[in-house]
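**Q** Sequence and predicted structure, then a few things I'm wondering about:
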Amino acid sequence: MADDPEARRVSELLDRITRGELGEAEAEELELYAQNDPELRAAIEARTRQAALGGGWLARVEADHRIARAERSPRVLLERGLAGLLVVAGWLAWAAAPALGPGMVVAGLGLLVYSWIRVNHRQDPYKDIQR
């Protein structure tokens, strides 16, 4: 079933129902799939009830999970490890090389700030909310 493109598409559409993101054209597409499949029709009704029950809660939870996954990605871990190493090495080198140490600390802190902003701004589910 995982290799069947139609089954993958139906699964994707069902997930979009649950998140409340199903558009009109996608609803019509799903209706075409469900015409002769009572099991799929029951799944559609169950997902619709589930979406009505959860509202936008599921989308917010999924967005929070995306941020958590991004925080654990190899690139972010490498960036932050390198930044931490620069800060510590710069701090230790400050006494021995006053011209090099502060630059390393600033570069490390800059890399930490860049990494944090890049991950949290791109993945933030609440950045588009207008009050």
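**A** Arrived safely. Residues are numbered from 1 along each chain as shown.
**Q** lowest average confidence, helix or strand, in the protein?
**A** None of the helices or strands of the chain scores lower by mean pLDDT, DSSP states H and E than helix 57-71, at a mean of 77.
**Q** With residue 29 as the reference, measure out to residue 44.
**A** 12 Å (Cβ to Cβ, to the nearest Å). (Glycine included, C-beta is placed from N, CA and C.)
**Q** scratch that, residue 113 is what I was asking about
**A** 44 Å.
**Q** between these two, which one's more packed in?
**A** Using other Cβ atoms under 10 Å, the more surrounded residue of residue 113 and residue 29 is residue 29, with 15 against 11.
**Q** quick one: low-confidence parts of the chain?
**A** 1-2, 54-59, 123-131 (pLDDT under 70).
**Q** where do the helices sit along it?
**A** Assigned helices in the chain, in chain order: 5-19, 24-34, 38-54, 57-71, 74-96, 101-123 (criterion: DSSP state H).
**Q** So which residues make contact with the shortest one?
**A** Contacts to helix 24-34, defined as Cβ atoms under 8 Å, 6 or more residues apart in numbering, come from residues 6, 9-10, 13-14, 16-17, 22, 40-41, 44.
**Q** neighbours of residue 52, just the number please.
**A** 9.
**Q** Can we start the residue count at 493 from this point?
**A** Renumbered: residue one is now 493, and that last one reads residue 544.
**Q** Which member of the contacts of helix 516-526 is positioned nearest residue 593?
**A** Using Cβ to Cβ, residue 508 comes nearest to residue 593 of the contacts of helix 516-526, at 52.8 Å.
**Q** The closest one is in contact with residue 501, isn't it?
**A** No: using Cβ atoms under 8 Å, residue 508 makes no contact with residue 501, being 10.5 Å away.
**Q** Comparing these two, which shows the higher neighbour count?
**A** In this view residue 508 and residue 501 are compared by other Cβ under 10 Å, and residue 508 has more residues nearby, 17 against 14.
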